[in-house]
Every structure is written in structure tokens, then in C-alpha cells.
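**Q** A predicted structure for the sequence below; I have some questions about it.
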Amino acid sequence: MSAETAFVEDHDGVTSHYIDVLEEIPVLDLAPYLAGEPGAAEKLALELRHAQENIGFYYVINHGVPQSLFDRGFTELKRFFALPFEEKIKLKFDKSMVGYVPSKSTVYETSTFNKNTKKDLNETILLGVERDPDDPKLQEGHRFSVPNKWPADLPGFRETMVEYQRTMMGLGWQLLPLYALALDKPADYFNAFFANDPCCIGRNSYYPVVDLEENEFGIAPHSDAGFLTLLPLSDVPGLEVMTPSGEWLPAAHIPGAVLVNTGEFLNRWTNGRFIATPHRVVSPAADRYSMAVFYNPDDQTVAEPLDTCVSADNPARYEPVGFVDYLAYFCDRNFFEPKGEQGPYLTRQ
């Protein structure tokens, strides 16, 4: 850890102590909390708060998701990306943000950290929430609520990825009370925004071994768009996280752990308090696969800086914004629109 220290007040407002400002990614153990031990939620919320205010990333262990599910997911991704390009491109993504994203499809123009000019070298299959054919959102034609695009001849792929998606959404739901407590709100504060129809996207990617040119990446430095991201790491390194001192920190593989980070929507909702940290993927030493789940609220949710994150000394820095509007801006600028003005959401008040 760094030599810097920060003063932290416990959730009950009574006990106070000093802890180091983070230059490494902390590990949070969910076991006591999930077992319902008295005081476990408050203690864990304090640890989460410190991680999200100082580095924006943390690992969770003893979270209840079986390693066998992660293993099956990675196996299915290898099978999918090994398909001929002619088969994968039949599933090509569009503005609904589901389907196959070929290599060199993205430049992160929304990034305020790095202005890369070369398109990212990963391949991805984007998966939205799996819905029944009679789901009202499908009938109403919402942009980010459409049927997923599945390969025709890959038995087991769809079933495994849907199971994985739903399991990770369950983990996200279990984390919500900790975020609420960490932000000095009632434990159920965020539940209403996620209970009915969370807007979740799975970004399932393949990073091949390549010789990168200058300012070229598997995925360029960027911050995620949403509320939080859940990512079990494979044993092949490649992901790097920006520390507070500006160094690139490789994200270590901890068997069974899930890496969690803040997205830009939550950053705005907390008035900048919870950090949406830049991260990137460099060329791996061996083929690398990734199963990120972006756990987001209902698309009608509006992020207005929380009252617990606003004060006379720290007034509201952002205008309120609806999630569907912010996600559309993020996706359009990075995937579809040509270079132009930065847009309304990069400017703080």
C-alpha cells in the first residue's frame, strides 16, 4: 500500500481510525455478511466505501458463485470464438448492443484519460438480459431490451451463458445493501431501482496474443458506463488498473474471486465520490477470455447526486441523467458515431 493515509469514520459514526490510501486492489470477504452475522454488513460497507473512494476496484471472495460455473463459462467462450468468422459475423451487433463485435470495432472516444486513435483488438459477444418472447420490453421495442443473438450450432453455449448471467445478477443484488450503507443510505435504498427490470449487459471477450503498435490495446484505457461491473478473472493476465498515483497495476488472478468496479453512472450518482477508474487490457501472453457483467438499474433510473454526497463544500457536480440516455450516449460515441464534439455528459458543472 502507499504511504498516504486517510481518516475514515465508521458507519455508526462513533469509532474512527486511519487506514492507508490504496495503491493495490483490496479483497473483501463476503462470508460473514452472507451468513447474516451481526455487524458484518456495516463492517463490509466501510471496507467497500474505502475501496470505491480510493481506487474504484475490489475483489470479493466467498461470494457463493461456484468456480465450476466460471470454468464452464470460459470453456463455452473458447468454443464460440473458435467458430469460423463467417458464422460469428451472422450475429453482428447493432445499436441494441447485443451480438458479435468483431475486432477493430471500437475507439473509446468517451474516455477522458486516453485518446487512442487505433481500434481495439478484442472480439466480443454482447448478451443482454435473456427474455421470454412475450416480455413487455420486447413488445414495446426498447433499444437495449431485445432478443439475444445466439449461434445456431453450439449446443450448451446459450444455456451456460444465461445461467452465468442470472447468477451474476444475483450476486450484484446481494451487493446493493453494502453500497447503500457505504453511502449512508438505508440498506434497501437501491433495491427499488433494480427489483423489477435491471438493465444488464454481458461483455464476453476474447483477447488474442498480438504484437501491439504504439497506443494500441486489447481494450484501450476507459471507464465503464454503468453502475458496477462484475468480472471473474481467468488465470491469464492482461487487465491493468490505474492507481491513484497514476501507475498501471496488473489485476492479479485470485482463484474464485470476482473483481468489482464502479461505472460512470454510479460515479455521477455519488457526485464523483465513488471512482470510475480507468482500466485497460494489454496483449496477453496466451489467449485470454473475459466474462464481464455490467449490473445496472432499470433503464428509467435517473442519477441525481445523492444528498449524502453533496454539501456546501462539495456542491452537485453533475446534472441529473437517465440511465438509458447515458448508456445510449456511451455506446453511440464509442461504437457508432464519427469523431465530433465530446457531448453533454463529459462536462461537470
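**A** Thanks, I have it.
**Q** surely Ala180 is in a helix?
**A** Yes: looking at Ala180 with DSSP: H, G, I helix; E, B strand; the rest coil, it is inside a helix.
**Q** for stretch 266-284, which positions count as buried?
**A** Within stretch 266-284, the residues that count as buried by 16 or more other CB atoms under 10 Å are 266-284. (Glycine included, C-beta is placed from N, CA and C.)
**Q** what's the span of stretch 138-151 from first residue to last?
**A** 20 Å (CA to CA, to the nearest Å).
**Q** Provide the contact partners of it at residue level.
**A** 80, 83, 87-88, 91, 93, 95-100, 127-131, 133, 135, 137, 157-158, 197, 199, 201, 299, 324, 327-328 (CB atoms under 8 Å, 6 or more residues apart in numbering).
**Q** which of those residues count as buried?
**A** 80, 83, 88, 91, 93, 96-100, 127-130, 137, 157, 197, 199, 201, 299, 324, 327-328.
**Q** just the ones of those in strands?
**A** Using DSSP state E, the members of those that fall in strands are 99-100, 127-128, 201.
**Q** let's have the residues you listed in CSV, adding distance to Trp248 and pLDDT.
**A** Formatted as CSV, these follow (distance: CB to CB, whole Å; pLDDT from 0 to 100):
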residue, distance to Trp248, pLDDT
Gly99, 31, 97
Tyr100, 29, 97
Leu127, 29, 98
Gly128, 31, 96
Ile201, 26, 96
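**Q** so which of these comes closest to Lys43?
**A** Ile201 (31.4 Å; CB to CB).
**Q** run through the bridge partners of the residue nearest to that closest one when sequence neighbours are not counted.
**A** If the residues on either side of it in the chain are set aside, Ile201 comes closest to Phe294, at 4.7 Å by CB to CB, 6 or more residues apart in numbering. Beta bridges link Phe294 to Ile201, Thr229, judged by DSSP bridges.
**Q** is it true that Phe294 touches Leu231?
**A** No: contact criterion CB atoms under 8 Å: Phe294 and Leu231 do not qualify, at 9.8 Å.
**Q** who touches stretch 298-305?
**A** So stretch 298-305 is contacted by 142, 144-145, 193-194, 196-199, 265-266, 268-271, 316-318, 320-324, 326-327 (CB under 8 Å, 6+ apart).
**Q** could I get the buried residue list for stretch 48-59?
**A** 48-59.
**Q** the stretch 201-349 of the chain: strands as residue ranges?
**A** With DSSP state E, counting those that start in this stretch as the criterion, the stretch 201-349 of the chain has strands at 201-207, 219-222, 228-232, 239-242, 248-250, 258-262, 279-281, 288-295, 302-303, 321-322.
**Q** tell me who's in contact with the residue at minimal distance from the centre of the chain.
**A** Nearest to the mean C-alpha position of the chain, by CA atoms, centre = their mean, lies Thr229 at 2.0 Å. Thr229 sits next to 259-261, 263, 292-295 when contact means CB under 8 Å, 6+ apart.
**Q** and the residues you listed, which is closest to Ile25?
**A** Leu259 (7.3 Å).
**Q** please name the bridge partners of that closest one.
**A** Tyr59, Leu231.
**Q** please report the distance of it from Ala180.
**A** To Ala180, Leu259 is 21 Å away according to CB to CB, to the nearest Å.
**Q** so who does Glu87 touch?
**A** 151-153.
**Q** out of those, which is most surrounded?
**A** Ranked by neighbour count (other CB atoms under 10 Å), the contacts of Glu87 have Pro151 at the top, with 17 neighbours.
**Q** flag the shaky bits of the stretch 201-349 of the chain, pLDDT-wise.
**A** 338-349 (pLDDT under 70).
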